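I'll drop the sequence and a predicted model, then ask my questions.
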Amino acid sequence: MKGPRVLALAVVFLALVPRSSDGAPRRRGKLSANISSPDQRQLVEVTRRGRVVLNGRQVRSGPGTALSRPVWRRDSGALAFLQRNHHGLQLVVVPELDARHPLVWQLPSTADRLRKVFWISDRRLGVGAKDLVPRLVVSWSIPAANLPLW
């Protein structure tokens, strides 16, 4: 009589294994995704090796592996994600899609458990354990030389 119980538990366990969009089991610890921008004109891909590719071009933010799915700004004009490298956790922001280099912030070691990145405004991001509950807030400004002249 023990046989059927063991089988039933195995079936329940297999049902709980995370699956990718094609139904195959997803490997834990490896992030892989294709994410379209809100306007459906841009595409960001996270490869199995944790590299972030934006519209066919790798985001060069130094060595590291993406830990979170990239998050698009509401207007589809910017992108942010977390990555880990040999120094620890980093927040990477592509402030404009044609930017040659992303903005990178090294986060303190106390942020190691934080995995949610969310946009607060056009130039402000929150990082926390839950959506919309920031433990860290990062903001930046545009240098005066880059402002449009009217």
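Good, I have the coordinates. Numbering: from 1, shown residues only.

Every contact and neighbour count from this point should use C-alpha atoms.
OK.

ranges for the helices of the protein?
Assigned by DSSP state H, the helices in the chain fall at 2-16.

ranges for the strands of it?
33-36, 43-46, 52-54, 57-58, 65-66, 71-72, 79-85, 88-94, 103-106, 116-121, 124-128, 136-139 (DSSP state E).

so which of those strands is the most packed in?
Across the strands of the chain, averaging neighbours per residue (mean count of other CA atoms under 10 Å) puts strand 65-66 on top, at a mean of 24.

Check what contacts that one and list those residues.
31, 46, 49-52, 81-85 (CA atoms under 8 Å, 6 or more residues apart in numbering).

Would you format the residues you listed as a markdown table with distance to Ala129 and pLDDT included?
Converted to a markdown table, those look like this (distance: CA to CA, whole Å; pLDDT from 0 to 100):
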| residue | distance to Ala129 | pLDDT |
| --- | --- | --- |
| Leu31 | 18 | 70 |
| Val46 | 21 | 95 |
| Arg49 | 24 | 91 |
| Gly50 | 20 | 93 |
| Arg51 | 22 | 94 |
| Val52 | 22 | 96 |
| Phe81 | 14 | 97 |
| Leu82 | 12 | 96 |
| Gln83 | 15 | 96 |
| Arg84 | 16 | 95 |
| Asn85 | 20 | 92 |
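
Out of those residues, the closest to Asp122 would be?
Checking the contacts of strand 65-66 against Asp122 with CA to CA, the nearest one is Phe81 at 15.1 Å.

For that closest one, give its distance to Ile142.
20 Å (CA to CA, to the nearest Å).
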